[in-house]
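*Asks:* Predicted model and sequence follow; I will ask about them next.
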Amino acid sequence: MDTVSEPDHALTMEPEDKSLDPRKTSHRRFGSVMPTEEEEEAPSITEFHSSTHVLPVGQTARYTCQAGGTPEPTVEWLHNGRPLERNSTVNQSEAWVERGFLFVRGGRYGVNMVCCMASNSAGTANHSAELLVFDACELTLDPNTANGHLSLSEDNRKVTQVEEDQSYPDHQDRFDYYLQVLGREALTGRCYWEVEWEGRVVIGVTYRGITRRGRDVDGWLGQNNKSWVLYCTDGLYAARYNGIETALPLPPAGSTRVGVYLDRPAGSLSFYRVSPGGGGSSDTLTHLHTFWSSFTQEDLLPGVRVGWGWGSSASLCRL
């Protein structure tokens, strides 16, 4: 005879109402949410602005820096590796912090290192910049030295290689073979200038006594012991002295401006890549190469060689 079994109540229990579990409801009491521990986040520099990347001696530059992170990071300024106190009025001859801004006065020649450092319990972050302090020098190109296939413009501040001979008058200072031109003003003390270049350009300094006639290497910038230069072209920088070339690992990276700093008393000649600053900040300097030499008393002049291929040019920038 068929039978019908009774339902197994042990297997058909109602599901547990977890909403009644005090462990699950404690955070909803009185409609509130229990606080959770905030996750830490290492600092990052979110904004860094400078008023200038080069500074004539005696003038002042200003820097701003902001940082993010959790907990909120503390921002500290360093000048040449030395921490600066906030709103300090002590030793303001070179650098000081006021209302969160860093001020640097151009009293120390050469490169000043500026650093913004942010720190919290999760870590640190920093952003550094170079500030170059120099004697102001206004430079122009000397038409009496320009090769016949070089055209000068912009008040003798720009040189362009051209196919047509410019029919310059004969002059003992003119380069008759190499596509070169020298500056009119001799370089003394500590001088900084910038050159905007296009194509293939050689930028540097030379003694006034460099040979002007013929194809001898004594007249070729960078190929003798009278001149020190930086070769610039798309994708490549190279330093040259006395015929020896040193390829530099840092490429132009979209920059077509070079800074040149001569510190004659110290016997150094340095080249920098000048890159556009972002967000309204000033340009930035990146060191490329430094020559060291015991310069004689003979006059030193800026020198430029342009070529190969019509249209290469170099311009002395106004700072």
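*Replies:* Great, that's in hand. Numbering: from 1, shown residues only.
*Asks:* which SS class is residue 124?
*Replies:* Under DSSP: H, G, I helix; E, B strand; the rest coil, residue 124 falls in the strand class.
*Asks:* For it, name its beta-bridge partners.
*Replies:* residue 119 (DSSP bridges).
*Asks:* Check the one 10 residues further on too.
*Replies:* Per DSSP bridges, residues listed as beta-bridge partners of residue 134: residue 56.
*Asks:* Over to residue 259?
*Replies:* Applying DSSP bridges to residue 259, the residues it is bridged with are residue 194, residue 272.
*Asks:* pLDDT weak spots in the stretch 1-150 of the chain?
*Replies:* Applying pLDDT under 70 to the stretch 1-150 of the chain flags residues 1-37, 86-93.
*Asks:* need the helices for it, in chain order.
*Replies:* 22-25 (DSSP state H, counting those that start in this stretch).
*Asks:* So for residue 191, what's the nearest residue that isn't a sequence neighbour?
*Replies:* Leaving out its chain neighbours, the residue that sits closest to residue 191 by CB to CB, 6 or more residues apart in numbering is residue 137, at 4.2 Å. Backbone N, C-alpha and C define where each C-beta goes, glycine included.
*Asks:* quick one: contacts for the spatially most central residue of the chain?
*Replies:* Note on the chain: the residue nearest the mean C-alpha position is residue 285, at 2.1 Å, using CA atoms, centre = their mean. Going by CB atoms under 8 Å, 6 or more residues apart in numbering, residue 285 touches 53, 54, 129, 130, 132, 259, 272, 273, 274.
*Asks:* please redo it, this time with the cut-off set to 10 Å
*Replies:* 53-54, 111, 129-132, 194, 259, 261, 270, 272-275 (CB atoms under 10 Å, 6 or more residues apart in numbering).
*Asks:* Please, which helix or strand holds it?
*Replies:* strand 284-292 (DSSP states H and E).
*Asks:* Packing partners of the helix or strand that that strand is followed by?
*Replies:* Next helix or strand after strand 284-292 toward the C-terminus (DSSP H and E): strand 300-306. If contacts are counted by 3 or more CB pairs under 10 Å, 6 or more residues apart in numbering; DSSP states H and E, strand 300-306 sits against strand 150-153, strand 158-161, strand 180-182, strand 190-198, strand 201-207, strand 227-233, strand 257-263, strand 313-316.
*Asks:* Could you dump those strands into a markdown table and include mean neighbour count?
*Replies:* Listed next are the helices and strands packed on strand 300-306 as a markdown table, based on neighbours: other CB atoms under 10 Å:
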| stretch | mean neighbour count |
| --- | --- |
| strand 150-153 | 18 |
| strand 158-161 | 22 |
| strand 180-182 | 24 |
| strand 190-198 | 21 |
| strand 201-207 | 23 |
| strand 227-233 | 24 |
| strand 257-263 | 23 |
| strand 313-316 | 22 |
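*Asks:* Including distance to residue 301, could those strands go into a markdown table?
*Replies:* Shown next, in a markdown table, are the helices and strands packed on strand 300-306 (distance: least, CB to CB, whole Å):
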| stretch | distance to residue 301 |
| --- | --- |
| strand 150-153 | 15 |
| strand 158-161 | 14 |
| strand 180-182 | 5 |
| strand 190-198 | 11 |
| strand 201-207 | 6 |
| strand 227-233 | 10 |
| strand 257-263 | 11 |
| strand 313-316 | 13 |
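*Asks:* Nearest to residue 78 among these would be which one?
*Replies:* When these are compared by CB to CB, strand 257-263 sits nearest residue 78, at 22.2 Å.
*Asks:* Packing partners of that closest one?
*Replies:* strand 110-120, strand 123-134, strand 190-198, strand 201-207, strand 227-233, strand 268-275, strand 284-292, strand 300-306.
*Asks:* Which strands and helices lie in contact with the fourth one?
*Replies:* The reference is to strand 201-207. strand 180-182, strand 190-198, strand 227-233, strand 236-241, strand 257-263, strand 268-275, strand 300-306, strand 313-316.
*Asks:* what angle sits between it and strand 268-275?
*Replies:* Going by axes from the mean of the first three to the mean of the last three CA atoms, to 10 degrees, strand 201-207 is angled at 160 degrees with respect to strand 268-275.
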